[in-house]
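> Sequence plus predicted model, see below.
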Amino acid sequence: MTRTSLIAEPGKQEVRVTHVFDAPRDLVFKVWTDPKHIPQWWGPKRLKTRVEKMDVKAGGLWRFVQRDQDGTEFAFHGVYHDIVSPERIVNTFEFEGVPGHVLLETSIFEALPGGKTRVTGSSIFQSVEDRDGMLSTGMEEGVQESEERFAELLTTL
Amino acid sequence: MVTIFEVLADPTRRRILDALRERPRSVGELVDQVRISQPLMSKHLRVLREVGLVHVRRDAQRRWYELHPDPLAEVDTWLASYRHLWEARLDRLNDYLKELQDEEEKHDQDEPYR
């Protein structure tokens, strides 16, 4: 099971996740915003991520490219809108494979007692359809089960 | 033009696809199984055919609707990179932070991660 909780309420445009890290906030924020650390954690493990652009300031652009074992590349890009070190980052996010579906992401970093950090990530989609299309679920039976069902559907490929 | 994502966002259309996973079916069978009216079923089938998820095979007097999952590859690509975007990111970040902190303990240097 994943250690991250994902919340996608029916009929909303948002996906929200939280995760508590056993690391101090300055370090978490540093790793989040330093291009040299990005390839070590950004995205699924089976893909190699390279940072093409990462200008962490309001109005700055970012572009990451992921490559799978067959050499197929998936690129993502966006603009940073708000950087409040070490508390908050607001940026847009777009997968170039499906252009025109832009998300607004907000990442909040909270210092917790004992040198831990809670990160709350929120992605707002342009429509409920966009979000549900991404999750491939109408949410009526819960995110998890629908995802499993959809995964099964994909295995019929 | 309707995208495959919009097509899949509709729960009724996903129920239709589920019904077709087992085997090709006629409109009548689909109406029975999914429990919507025939005109509505025809409308959904037309949309599913437009994006290429469903093909029609004519056999004597019947029309069989069958699942043609190739267009899902596009969705799969999207999902692989995207569905677990946050989870994948945060889980990996968790592991990476542990690594960094272990190294820090080992080397006991000043500001090892700057």
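Alright, I've got the coordinates. Quantities reported herein were computed from a predicted structural model and do not represent experimental measurements.

> can you map out the helices along the chain?
Using chain A. Ranges of helices within chain A are A:25-33, A:128-135, A:143-155, based on DSSP state H.

> you looked at the wrong chain, it should be chain B
With DSSP H as the criterion, chain B has helices spanning B:4-9, B:11-22, B:27-34, B:38-50, B:72-82, B:85-107.

> in the last one, what's buried?
Along helix B:85-107, the positions that meet the burial threshold by neighbour count (16 or more other CB atoms under 10 Å in any protein chain shown) are B:85-94, B:96-97, B:100-101. In short, each C-beta sits where N, CA and C put it, glycine included.

> just how off-centre is it within its chain?
Its chain's C-alpha centre and that of helix B:85-107 lie 30 Å apart, by CA atoms, centre = their mean, to the nearest Å.

> tell me the mean pLDDT for that helix?
Per-region confidence: helix B:85-107 scores 83 on mean pLDDT.

> and what of the third one?
Within the predicted structure, the mean pLDDT of helix B:27-34 is 95.

> elements contacting that helix?
Applying 3 or more CB pairs under 8 Å, 6 or more residues apart in numbering or on different chains; DSSP states H and E, one finds that helix B:27-34 contacts helix B:11-22, helix B:38-50, strand B:62-67.

> So what touches it?
B:12, B:15-16, B:19-20, B:25, B:37-38, B:41-42, B:45, B:63, B:65 (CB atoms under 8 Å, 6 or more residues apart in numbering or on different chains).

> Same list (those residues) but as CSV, adding neighbour count and distance to chain A.
What follows is the contacts of helix B:27-34, written out as CSV (neighbours: other CB atoms under 10 Å in any protein chain shown; distance: CB to the nearest CB, whole Å):
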residue, neighbour count, distance to chain A
B:Thr12, 15, 9
B:Arg15, 17, 10
B:Ile16, 25, 12
B:Ala19, 17, 12
B:Leu20, 25, 10
B:Arg25, 20, 15
B:Ser37, 9, 19
B:Gln38, 11, 22
B:Met41, 20, 18
B:Ser42, 13, 21
B:Leu45, 20, 17
B:Arg63, 12, 21
B:Tyr65, 22, 15
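
> Brilliant, that's me finished.
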